[in-house]
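Engineer: Next comes the sequence, and after it the predicted model I'd like to discuss.
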Amino acid sequence: MSKKNYDVTGYIRQRFFPQMWCPGCGHGTVLGSLLRAVKELDLDKNEIVMTSGIGCSSRISGYVDFHSLHTIHGRALAFATGVKLSKPSLTAIVPMGDGDALAIGGNHFIHAARRNIDITAIVMNNRIYGMTGGQFSPLSGPGKRATTAPYSTIDRNFDVVDLSVSAGATFVARSTVYHPQESIDLIKRAIRHKGFSVVEILSQCPTHFGRKNKVGGAVEMLEYYKQRTVKIGSKKLEKDPTLIQRGIFVDNSEVPEYCDAYDLVIEKAMKGKR
Amino acid sequence: MALSFMEGNEAIARGAIAAGCNFFAGYPITPATTVFANMLKMLPPKGGVCIQGEDEIASMGYCIGASMAGKKALTATSGPGISLYSEQISFAIGSEIPMVIVDVQRLGPSTGSATRGADSDIQFLQWGSTSGVPVIVLAPSDALDCYVLTVHAFNFSEKYRCPVFIASNKEIGMTKESVDLDTAVLPPIVNRTFYSGDGFLPFEAEPAAAPPFLPIGGNTLVRQTSSTHGPDGFITIDPEVIAANQQRLRDKILMAEESLTLYEETVREDADTLVISYGVTSRAVEDSCQQLAESGTPVSTLSLKTLWPVPQKLILEKTKAYKKIVVIEMNLGQYIEEIRKVVPSSNLVFYGQMNGLLISPDKIMEVITHG
């Protein structure tokens, strides 16, 4: 990649920088990967609508110079669905945190996946609620410390990939902020995929998750993603099946995309009058 | 379309089509489902989108997204669904997103009685959102009203860039009656004002007006946010900018009171009593006053079609010639308090009923005569 490809200033609202995320937060890396993916795809700013909910992750929509909808907690996919059904040619991207995607927004998430509407959901999994002060999320997992789990969590976590696959998402991938080049590639493929795409990016929250669980700062947490994740099907899994797999889990272009399917409904209703 | 046999919910759907509605999303709920069913018959054949969400929350989100993309959006539900819409009603109010929300009211609280009517939500519709920003609520009393008021509702929502409610009732929504929509006097269709020029600021507006609109996905980048924002659509904590926006959201509705006021009246000579009502109750009121007039007791009527913003000027003007003002409501007194703010209590007589039954003309005559 040439140096020029790293210049994404045309895609951001520079007046809002430096961004508000804590030192060591992984979300800025996700934003960087997303912008580079958009740049490499050579998308026009006017073709993209970024819809987000509420939380640290959702602030992305304030930094990007696309059509942007900064909406309400958990409902971003619903708004994006309305926009997409109205203007199917737009590229719809929804950055989501743990809560937006799979707590308050969980119902919208599984139904968007089931419908296979052409939206790219980027789930920034940092296993905690950052903005509200370190409460556990449905991605924290058992035995973790959080503001709302001073005696440690008893809730089991969702596996974002397994859930997305089960719900019918037609593109499902996972990467981490330790692997930005891989993230760029996966986001590009997710955006290009016509259907509901999920890219889970394991991010870190040293401020809350790191401190409360004594797993160190940003460097140690990134190191963890380096050590504990492997590419899908890696031989290392034979020795240690608890390693987290990265890569593309589903890439299925056989399922009709929802807006396309709805076009056929309209065609049927219009009895060929269109 | 000549004389037809039609329920209020179908008339609402036909009104929406007449107003140029091209997007509907909803979730099934009695007694509002047939609005959805009728939209399904009419919208896709015209190339419009009519979609079932996974719940009310999603359906409302679809409508808001569609409206931001430039569509004229409609949804329909009943009280329990309005509860679920609430968060997004606040978003639509604060972010000035036009749409029409039909509440085919049923007897609450909560699940209540799905197949029993009541004007349950008259205060809820105004106050069911955060921050106390005024909203527009229209109340039809029959199928023809459902048709006409839906067109007004779309017009108001486009002009003032806000959600507009239609407070229907199971008894209107699901009762078929003879109606000739051709006799309706429809207002000219209003479409939101599009911004033209350079340097678009999404929320820059005249002091008591809605900002001009540009759709998401057009050539000019549009920013929308649920957070407190100034004219530029960016998050702000500047007290002056916040205050100005709060004031504008309030003023654009309250200062339009007179142009938003819709009503019907029957003025009878020598009457010293006026009966104020709204919704399906107005029909029983009209019947009872007709009977009273025939037996030599003239009583005038005022049927309010606009409930919010409260048409205070109209109420003040229309009540001043009468010694006694009788207010009849299909609840235990939700709107009487609004009238009490305008009319001296000593002149007011109230009767409310909330038992799943329509209020009979006999009961109303008894209240007028002995109340």
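Structural biologist: Yep, it's here. Residues are numbered from 1 along each chain as shown, chains lettered A, B, ... in the order given.

Engineer: Can you pull the residues of the stretch 151-300 of chain B lying near chain A?
Structural biologist: Residues of the stretch 151-300 of chain B lying close to chain A by C-beta under 8 Å from any C-beta of the partner chain are B:215-227, B:234-235. Using the backbone N, CA and C atoms, a C-beta is placed for each residue, glycine as well.

Engineer: Can you tell me which of these are buried?
Structural biologist: When these are checked for burial by 16 or more other C-beta atoms under 10 Å in any protein chain shown, the buried set is B:Pro215, B:Ile216, B:Gly217, B:Gly218, B:Leu221, B:Val222, B:Arg223, B:Gln224, B:Thr225, B:Ser226, B:Ser227, B:Phe234.

Engineer: Quick one: the residues you listed as a markdown table, columns for secondary structure, distance to A:His67 and pLDDT too.
Structural biologist: Output for those, formatted as a markdown table (DSSP: H, G, I helix; E, B strand; the rest coil; distance: C-beta to C-beta, whole Å; pLDDT from 0 to 100):
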| residue | secondary structure | distance to A:His67 | pLDDT |
| --- | --- | --- | --- |
| B:Pro215 | coil | 9 | 97 |
| B:Ile216 | coil | 5 | 96 |
| B:Gly217 | coil | 6 | 94 |
| B:Gly218 | coil | 8 | 93 |
| B:Leu221 | coil | 6 | 94 |
| B:Val222 | coil | 5 | 95 |
| B:Arg223 | strand | 8 | 91 |
| B:Gln224 | strand | 8 | 92 |
| B:Thr225 | strand | 12 | 92 |
| B:Ser226 | coil | 15 | 94 |
| B:Ser227 | coil | 17 | 94 |
| B:Phe234 | coil | 15 | 90 |
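
Engineer: now those residues as CSV including distance to B:Glu329?
Structural biologist: Output for these, formatted as CSV (distance: C-beta to C-beta, whole Å):
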residue, distance to B:Glu329
B:Pro215, 40
B:Ile216, 41
B:Gly217, 44
B:Gly218, 45
B:Leu221, 48
B:Val222, 42
B:Arg223, 43
B:Gln224, 38
B:Thr225, 39
B:Ser226, 34
B:Ser227, 38
B:Phe234, 44
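
Engineer: which one of the residues you listed sits closest to A:Leu102?
Structural biologist: B:Ser226 (20.5 Å; C-beta to C-beta).

Engineer: what's around B:Glu337, how many residues?
Structural biologist: When neighbours are defined as other C-beta atoms under 10 Å in any protein chain shown, B:Glu337 has 11 of them.

Engineer: what about it, distance to B:Gly371?
Structural biologist: According to C-beta to C-beta, to the nearest Å, B:Glu337 and B:Gly371 sit 18 Å apart.

Engineer: which stretches of the stretch 51-200 of chain B form strands?
Structural biologist: Using DSSP state E, counting those that start in this stretch, the strands of the stretch 51-200 of chain B run over B:73-77, B:99-105, B:136-138, B:163-169, B:176-180.

Engineer: The residue of the stretch 101-250 of chain A at minimum distance from chain B: what's it in contact with?
Structural biologist: The stretch 101-250 of chain A approaches chain B most closely through A:His111 (4.0 Å), counting by C-beta to the nearest C-beta. By C-beta atoms under 8 Å, 6 or more residues apart in numbering or on different chains, the residues touching A:His111 are A:Ala167, B:Glu54, B:Ala58.

Engineer: Quick check: it is in a strand.
Structural biologist: No. Looking at A:His111 with DSSP: H, G, I helix; E, B strand; the rest coil, it is helix, so not inside a strand.

Engineer: Low-confidence regions, the chain specifically.
Structural biologist: Unless you meant another one, I'm taking chain A. For chain A, residues meeting the criterion pLDDT under 70 lie at A:1-5, A:274.

Engineer: Can you tell me which residues in the stretch 1-150 of chain A are near chain B?
Structural biologist: A:16, A:45-46, A:49, A:51, A:54, A:62, A:65-72, A:75, A:77-87, A:89-90, A:107-108, A:111.

Engineer: any idea whether B:Phe24 is helix, strand or coil?
Structural biologist: strand.
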